[in-house]
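Enquirer: turn this into a model:
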Amino acid sequence: MIDMQYIYDFKAEMDIMKFVGNYNEIKSILQQYPQEQWSYEMILAYARALNYLQDYSDQTNPFEQAYGLLQTVSDKGITDAEWHLIMSSISFNLQLYAEAVKHAKQANTIIAGCADDMLALYSQYD
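Expert: Residues are numbered from 1 along each chain as shown. Now for the predicted structure:
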């Protein structure tokens with residue numbers, strides 16, 4: 001079991017890494033721990049990293065992997081704009097355009113305007 005103080009410190013470190021866009025580092029750190037020990041925030045960070053890195057080195061589609069991970073926390077994500085934004089981007093990359101638009105619109109209902117750029121882009125494919 002991971003020490004909770006470690007989780008809090010780790011979350012702060014991950015927030016900083018997300019801010020500077022160091023997705024390789026996020027992915028590398030998270031891969032050191034069993035997924036069943038990951039918090040909701042860790043799953044979001046890993047899914048975002050997969051989305052940005054698009055690394056096929058393990059022969060697994062990173063978008064499909066991220067999509068599956070996000071589905072495991074959909075009960076928490078349903079009211080979280082960040083979850084919908086990540087899900088929208090990943091759905092778009094999987095060419096699930098209607099789903100991408102749906103998640104972007106839902107993100108906008110949670111935080112007004114947060115997905116306007118996505119919706120402008122995705123409307124070309126809807």
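
Enquirer: and the closest residue to Asn93 other than its chain neighbours, how many neighbours?
Expert: Using Cβ to Cβ, 6 or more residues apart in numbering and skipping residues adjacent in sequence, the residue nearest Asn93 is Phe63, 4.6 Å away. In this view, the C-beta of every residue, glycine as well, is placed from N, C-alpha and C. For Phe63, the neighbour count with other Cβ atoms under 10 Å is 20.

Enquirer: over to the one 5 residues further on?
Expert: Using other Cβ under 10 Å as the criterion, Gly68 is surrounded by 13 other residues.

Enquirer: name the SS class of it, please.
Expert: Per DSSP: H, G, I helix; E, B strand; the rest coil, the secondary structure class of Gly68 is helix.

Enquirer: against Pro62, how distant is it?
Expert: Counting by Cβ to Cβ, to the nearest Å, the separation of Gly68 from Pro62 is 11 Å.

Enquirer: tell me what the helix or strand encompassing the residue nearest to Asn93 is packed against?
Expert: Secondary-structure assignment from DSSP states H and E places Phe63 in helix 62-72. Using 3 or more Cβ pairs under 8 Å, 6 or more residues apart in numbering; DSSP states H and E as the contact definition, the elements that helix 62-72 packs against are helix 40-53, helix 81-93.

Enquirer: which of these sits closest to Lys105?
Expert: Each of these was checked against Lys105 via Cβ to Cβ, and the shortest separation belongs to helix 81-93, namely 8.6 Å.

Enquirer: could you check the angle that closest one makes with helix 62-72?
Expert: Counting by axes from the mean of the first three to the mean of the last three Cα atoms, to 10 degrees, helix 81-93 lies at 140 degrees to helix 62-72.

Enquirer: in helix 81-93, what counts as buried?
Expert: Applying a neighbour-count criterion of 16 or more other Cβ atoms under 10 Å, one finds 81, 83-93 buried in helix 81-93.

Enquirer: who are the packing partners of it?
Expert: In this structure, helix 81-93 makes packing contacts with helix 40-53, helix 62-72, helix 74-77, helix 97-110, helix 116-122, judged by 3+ Cβ pairs under 8 Å, 6+ apart.
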